[in-house]
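In: Any chance you can model this:
(chains A and B)
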There are 2 protein chains.
Amino acid sequence: MTVVRPENVHQARLMRRLRDDGPRSRAELGDAVALSRSKLAAEIDRLVDRGLLDTDGYADSRGGRRSAIVRVGRRIRFAGIDIGATSVDVALTDGELHVLSHRAAPVDVRDGPDAVIARALAVLGELRDEDDAPLAGAGVGVPGPVSFADGVPVSPPIMPGWNRFPVRDTFAAALGCPVLVDNDVNIMALGEKHAGVARSVDDFLFVKIGTGIGCGIVVRGEVYRGVNGCAGDIGHMSVDEHGPVCACGNIGCLEAFFGGAALRTQALTAARTGRSAVLARRLAEAGDLSAVDVTHAASAGDGVAVAMIREGGQRLGHALAGLVSFVNPGLVVIGGGVASIGHALLAEIRGAVYRTSLPLATGNLPITLSELGGRAGVVGAVRLASDHLYRAA
Amino acid sequence: MTVVRPENVHQARLMRRLRDDGPRSRAELGDAVALSRSKLAAEIDRLVDRGLLDTDGYADSRGGRRSAIVRVGRRIRFAGIDIGATSVDVALTDGELHVLSHRAAPVDVRDGPDAVIARALAVLGELRDEDDAPLAGAGVGVPGPVSFADGVPVSPPIMPGWNRFPVRDTFAAALGCPVLVDNDVNIMALGEKHAGVARSVDDFLFVKIGTGIGCGIVVRGEVYRGVNGCAGDIGHMSVDEHGPVCACGNIGCLEAFFGGAALRTQALTAARTGRSAVLARRLAEAGDLSAVDVTHAASAGDGVAVAMIREGGQRLGHALAGLVSFVNPGLVVIGGGVASIGHALLAEIRGAVYRTSLPLATGNLPITLSELGGRAGVVGAVRLASDHLYRAA
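Out: Reported below is the predicted structural model:
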């Protein structure tokens, strides 16, 4: 596999700037990157020769000769693959990370790496069928702790068969390009940082409420992964010493109270005991219940469903209050499938955080919903891959 | 005030290396900093001219001419000032941050900044009376949140009269040198990083148990202060929704259960209700009780005092377990006055953390006592000041 990379830090900076700002005239670029005119021209020529940049007509004159416009090479492609517990999202983007196509497919992560990776590659193959540009890189998110340097999941609780499986190397061999693997919550945080609500924020928390609950920590503009790659793993924080036993064996974990799995359990109980007629009806129709059914029931005014969301939001908010006092972030973003509950949930979380955290830590703290929603993961994944490509060789 | 600083990044790197490694021959330095022989000689000469370096004889020959030894200027001095709730620690160090003299004096931080700063300056004056070298910089720690960029405390809960008081500028005017101000827990963490148990660790938590409880967070080798300078403020994390009302008005804060103030309250109750004969006797003798009395009573086998330490350690350990899962640090250091309880406390904290955190986060996690003890603050303070001086002008 032949990877073309910037040759030096100037070229790398040019690439990242054009990725984030879009096409620019040579004159504008010269102002922005503080290179002499001749040095800039030489670096741009090298990048054009190597296919990393394209020229794109001329800008309006700023007084003298019209300045040529340059842009990230039109044939650069990145793939973003976001593997969740029950689905895989795949996106194909250009070199500026605009999503060209995006497709989701149901998978069960418990089927193991061979089946799930094959499915992800098949979906990516469908997206690439209409596009013959070569892949410059791919980013992959998985729903568990990852050793980032090795590109392997490490003791992921909900991914039987994946422990230390060479996810990065398997994708890299199949795709013939560099691949980076990270925890799914980290890539969602990176997505919001790249193109979402956290674009201008250097220190923030991204809280994902999906089947489980996790948190991405961005410190000084970069994802903080911790010593073993499991930083942000808040789903199994004990929030109530007298709470129920969690699937992990500990007592009173946050995920035992809230998240997609906990909501499903609570909904089934409410349906079977007849406490919620709405959920009982839905269970009879569908044979099973999920967090989405709780959302619908709450919207329909079902008191039991409303109470589940209220109590879950308060539990999460209370745990988050401690973390907010601890990290003193500039922003908290709430994302993941269950976050689609929306503003009712947000209100509960906000209430609990503002009530319980130090005033100094929450004085100017916005708590907001993810802007990218279901795209946060794939956008973060391609951002990860492009950060890797757009650095000096 | 005339501050002599390194003129460029090479000089700054040389200064930091000689500070941390001690005197070195020119030949050894050349190997370490990757400068050509002539460039190195020129930079060293400039630093010697400006009083930042001294020459110090010759090293043994490595085959050719004997190489001159250079060291941090002998007349460089730093002051470290660690203001606590009830005492101030002051140290005077040389340019390699060796403590030349160290003195503690009782203060009451509630007396306000004028009185406390005057006391700290008087103690420093005593230390400097026997030393006529000028101060190159000073670091100051205060027991509350600090806006690091402004050098002022911000809404510090236990420091009435200090909110936004110009601590940095008051010290700088009195001392005629640059001054940096930070939260006391942050400088203790920095002290352990510079010369203590965390010397080789880039990501760790420093938990201070004094009158209150706080946490210093070191990320990628640097203190993480958060957006408002209050990161690590864990004393008022709510650890029990059904707990007692804390002095701050919230319910079940960690400090309501443990720390010097909580132990004093619990000890007074145990003495007055006759549950602890040892503490009752001590109260009759001294008229008051403190955390130290609890430690002594526990050492003497007093069951009530032992239970206080056990329960406090478990409370703290339980809260810490969540933070360890969240941050995934490489080390946890326990310091502060109450940490002098020692290994009985450490055992309780460890037990609670290892029992409640994710195995991946605690697999290789050492939890250990501070190595510098009462000196951690002043050492961190001079390190802060020297980092500021030993950078390019």
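
In: Please make it C-alpha for all contacts and neighbour counts, starting now.
Out: Will do.

In: Pick out the residue of the stretch 1-150 of chain A closest to chain B.
Out: Proximity of the stretch 1-150 of chain A to chain B (CA to the nearest CA) peaks at A:P145, 8.7 Å away.

In: Per-residue pLDDT of that residue, please?
Out: Looking at A:P145, its pLDDT is 89.

In: Contacts only, for the residue nearest to it when sequence neighbours are not counted.
Out: Take A:P145 and drop its neighbours on the chain: the residue closest to it by CA to CA, 6 or more residues apart in numbering or on different chains is A:C230, 5.0 Å away. A:C230 makes contact with A:P145, A:V146, B:S325, B:F326, B:V327, B:N328, B:L360, B:A361, according to CA atoms under 8 Å, 6 or more residues apart in numbering or on different chains.

In: Now distance to B:S25 too, for those, in CSV please.
Out: Listed next are the contacts of A:C230 as CSV, based on distance: CA to CA, whole Å:
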residue, distance to B:S25
A:P145, 46
A:V146, 44
B:S325, 45
B:F326, 45
B:V327, 41
B:N328, 40
B:L360, 44
B:A361, 43
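
In: Now do A:R66, the pLDDT please.
Out: pLDDT recorded at A:R66 is 77.

In: mind giving me TSV with the contacts of A:C230 and columns for secondary structure?
Out: Shown next, in TSV, are the contacts of A:C230 (DSSP: H, G, I helix; E, B strand; the rest coil):
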residue	secondary structure
A:P145	coil
A:V146	strand
B:S325	helix
B:F326	helix
B:V327	helix
B:N328	coil
B:L360	helix
B:A361	helix
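
In: Mind giving me the PyMOL select for these, buried ones only?
Out: Buried subset of the contacts of A:C230, written as a PyMOL selection, criterion 16 or more other CA atoms under 10 Å in any protein chain shown:
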select buried, (chain A and resi 145+146) or (chain B and resi 325+326+327+328+360+361)
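
In: any idea which of the contacts of A:C230 is least confident?
Out: B:L360 (76).

In: Could you tell me which residues of chain A lie near chain B?
Out: In this structure, chain A approaches chain B at residues A:155, A:203, A:225-234, A:236-238, A:240, A:250, A:321-323, A:325-330, A:356-358, A:360-361, judged by CA under 8 Å from any CA of the partner chain.

In: switch the cut-off to 7 Å
Out: Taking CA under 7 Å from any CA of the partner chain as the measure of proximity, chain A contacts chain B at A:226-228, A:230-234, A:237-238, A:250, A:322, A:325-330, A:356, A:361.

In: Now do the contacts for the residue of the stretch 1-150 of chain A closest to chain B.
Out: Going by CA atoms under 7 Å, 6 or more residues apart in numbering or on different chains, A:P145 touches A:P153, A:V154, A:P156, A:N183, A:G229, A:C230.

In: Checking my notes, the fifth one in a helix, right?
Out: No: residue state for A:G229 (three-state DSSP) corresponds to coil; a helix is not indicated.

In: How many residues are close by it?
Out: 24 (other CA atoms under 10 Å in any protein chain shown).

In: Just give me the residue closest to the centre of chain A.
Out: A:M188 (1.3 Å; CA atoms, centre = their mean).

In: the helices in the stretch 201-350 of chain A, which residues?
Out: Along the stretch 201-350 of chain A, counting by DSSP state H, counting those that start in this stretch, helices occupy A:254-257, A:260-272, A:277-286, A:291-299, A:303-327, A:343-356.

In: list the helices and strands the fifth one packs on?
Out: Where contact means 3 or more CA pairs under 7 Å, 6 or more residues apart in numbering or on different chains; DSSP states H and E, helix A:303-327 is packed against helix A:291-299, helix A:343-356.

In: which helices and strands does the first one pack with?
Out: If I follow you right, that is helix A:291-299. Packed against helix A:291-299 by the contact rule (3+ CA pairs under 7 Å, 6+ apart) you find helix A:260-272, helix A:303-327.

In: deepest of the ones you listed, which one?
Out: Comparing these by mean neighbour count (mean count of other CA atoms under 10 Å in any protein chain shown), helix A:303-327 ranks first with a mean of 23.

In: List the contacts of that helix.
Out: By CA under 7 Å, 6+ apart, the residues outside helix A:303-327 that reach it are A:239, A:257-258, A:276, A:294, A:297-298, A:345, A:348-350, A:352-353, A:356-358, A:361, B:226, B:231-234, B:237-238.

In: Not counting sequence-adjacent ones, nearest residue to A:E255?
Out: Nearest residue to A:E255 in three dimensions, chain neighbours excluded: A:G235, at 5.1 Å (CA to CA, 6+ apart).

In: Now do that neighbour, the pLDDT please.
Out: Reported pLDDT at A:G235 in the predicted model: 91.

In: what about it, neighbour count?
Out: Counted by other CA under 10 Å, the residues lying close to A:G235 total 25.

In: my read: it touches A:G216, true?
Out: No: contact criterion CA atoms under 7 Å: A:G235 and A:G216 do not qualify, at 11.9 Å.

In: Of all residues in the stretch 51-200 of chain A, which one is closest to chain B?
Out: Going by CA to the nearest CA, chain B is nearest to A:S155 of the stretch 51-200 of chain A, at 7.3 Å.

In: what's the spacing between that residue and B:R128?
Out: Distance, A:S155 to B:R128, by CA to CA, to the nearest Å: 57 Å.

In: Over to A:I349?
Out: 54 Å.

In: Show the contacting residues for A:I341.
Out: With contacts defined as CA under 7 Å, 6+ apart, A:I341 is in contact with A:T295.

In: re the thing from before, ok, which pair from the contacts of A:P145 is furthest apart?
Out: Maximum pairwise distance among those (CA to CA): 11.1 Å, between A:P156 and A:G229.

In: Against which helices or strands is the helix or strand of chain A with the lowest mean pLDDT packed?
Out: When the helices and strands of chain A are compared on mean pLDDT, DSSP states H and E, helix A:359-362 comes out lowest with a mean of 78. Packing partners of helix A:359-362 (3+ CA pairs under 7 Å, 6+ apart): none among the helices and strands.

In: And the next helix or strand after it, what does it pack against?
Out: Toward the C-terminus, helix A:359-362 is succeeded by strand A:367-369 as the next helix or strand (DSSP states H and E). Under the contact criterion of 3+ CA pairs under 7 Å, 6+ apart, strand A:367-369 touches strand A:331-335.

In: Let me know the angle separating the strand it packs on from helix A:343-356.
Out: Put simply, strand A:331-335 runs at 150 degrees to helix A:343-356, going by axes from the mean of the first three to the mean of the last three CA atoms, to 10 degrees.

In: which residues are contacting stretch A:182-197?
Out: A:82, A:140-146, A:148, A:198-199, A:206, A:208, A:214-216, A:223, A:370-372, A:376-377, A:379-381.

In: I'd like to know which of these are buried.
Out: Buried by 16+ other CA under 10 Å: A:82, A:140-146, A:148, A:198, A:206, A:208, A:214-216, A:223, A:370-372, A:376-377, A:379-381, out of the contacts of stretch A:182-197.

In: re the thing from before, between the helices and strands packed on helix A:291-299, which one is closest to B:F171.
Out: Nearest to B:F171, of the helices and strands packed on helix A:291-299 and by CA to CA, is helix A:303-327 at 29.0 Å.

In: what's the angle from the closest one to helix A:343-356?
Out: 40 degrees.

In: quick one, helix A:303-327 and helix A:260-272 angle?
Out: Taking the same axes, to 10 degrees, one finds helix A:303-327 and helix A:260-272 inclined to each other by 160 degrees.

In: now helix A:303-327, how far from the centre of its chain.
Out: Relative to the centre of its chain, helix A:303-327 is centred 22 Å away, using CA atoms, centre = their mean, to the nearest Å.

In: ok, now stretch A:258-271?
Out: Put simply, stretch A:258-271 sits 25 Å off its chain's centre (CA atoms, centre = their mean).

In: contact partners of that stretch?
Out: A:209-213, A:255-256, A:276-277, A:279-280, A:283, A:289-291, A:294, A:312, A:338.

In: Okay, buried residues for the helix or strand hosting A:A12 please.
Out: Taking DSSP H and E as the criterion, A:A12 maps to helix A:9-21. Within helix A:9-21, the residues scored as buried using 16+ other CA under 10 Å are A:H10, A:Q11, A:A12, A:R13, A:L14, A:M15, A:R16, A:R17, A:L18, A:R19.
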